[in-house]
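>>> Need a 3D model of the sequence below.
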Amino acid sequence: MAKKKTDDDTAAESGGKKSRNNLIPAVVVAVGLLGGAYFMSSSGGKSPAAAAAPATATAAAAAAAPGAVAADGTVAVPDGPAAGTGEAITLNMADGRFLKIQIALALPKNGKPDGWTASEYAKALDATISYFGAKTYAELSAPGARDAAKAELGKKLTTLYAGKVVGVYFTQFVMQ
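Coordinates of the predicted model:
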């Protein structure tokens with residue numbers, strides 16, 4: 001009776017083991033890794049020219065040393081207990097969503113935060129957290145709502161600091 005040929009028999013007759021083509025999966029993995037590296041790079045997938053675009057004066061003030069008065073009269077609000085790092089804070093909003101915010105205070109012409117301690121900056125952060133903690137995503141995502149919130153927070157901070165602060169800038173504002 002004739003025996004059926006199997007793949008192993010065919011491979012044995014051809015003089016070796018059947019080879020498998022691993023080139024296609026290797027190419028797919030390589031392309032995936034390169035694509036991931038591209039999007040994870042520091043420019044976030046943007047061109048280097050876009051990543052190196054100059055920052056606005058307000059953003060530059062926030063990047064300056066926390067508590068230092070910038071040329072445009074703003075001062076970055078630190079987040080740490082000893083005039084911290086000036087990084088953004090993340091807070092819970094009333095509807096369970098999150099808000100990542102960083103503020104800079106606008107000072108009067110020739111204004112200086114002379115003798116301000118960490119507790120002076122903490123007052124601004126506390127007021128910001130209290131104000132935005134009571135807001136919902138829907139309230140802040142409506143057209144013009146962010147500007148209205150900035151104006152209202154600015155009024156609260158002007159009152160809180162007895163005129164030493166004349167406004168507030170959002171140097172970072174991300175809702176999720």
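>>> Please report phi then psi for residue 143.
The phi and psi values for residue 143, taken as degrees, to the nearest 10, are phi -60, psi 130.
>>> check contacts around it.
With contact set as CB atoms under 8 Å, 6 or more residues apart in numbering, residue 143 has no partners. Heads up, the C-betas are built off the backbone N, CA and C, glycines and all.
>>> So which residues of the protein form helices?
With DSSP state H as the criterion, the chain has helices at 7-13, 23-40, 48-51, 57-63, 118-133, 137-141, 145-160.
>>> mind giving me CSV with the ones you listed and columns for distance to residue 175?
Below are the helices of the chain laid out as CSV (distance: least, CB to CB, whole Å):
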stretch, distance to residue 175
helix 7-13, 59
helix 23-40, 22
helix 48-51, 23
helix 57-63, 19
helix 118-133, 10
helix 137-141, 6
helix 145-160, 9
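>>> Just send those helices back as CSV, with distance to residue 168, mean neighbour count and mean pLDDT too.
As requested, these are exported to CSV (distance: least, CB to CB, whole Å; neighbours: other CB atoms under 10 Å; pLDDT from 0 to 100):
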stretch, distance to residue 168, mean neighbour count, mean pLDDT
helix 7-13, 74, 11, 56
helix 23-40, 33, 10, 74
helix 48-51, 27, 10, 43
helix 57-63, 10, 18, 43
helix 118-133, 8, 16, 88
helix 137-141, 15, 14, 94
helix 145-160, 4, 15, 93
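>>> Out of those helices, which is closest to residue 96?
Across the helices of the chain, residue 96 has its closest neighbour in helix 137-141 (8.8 Å, CB to CB).
>>> which strands and helices sit next to that closest one?
Where contact means 3 or more CB pairs under 8 Å, 6 or more residues apart in numbering; DSSP states H and E, helix 137-141 is packed against helix 145-160, strand 167-175.
>>> just so I know, which of those lies nearest residue 32?
Smallest distance to residue 32 across these (CB to CB): 28.0 Å, for strand 167-175.
>>> so what's residue 98 up against?
Residue 98 makes contact with 90-92, 175-176 under the criterion CB under 8 Å, 6+ apart.
>>> mind running it again at 7 Å?
Residue 98 is in contact with 90, 92, 176, counting by CB atoms under 7 Å, 6 or more residues apart in numbering.
>>> I'm done for today, thanks for sticking with me.
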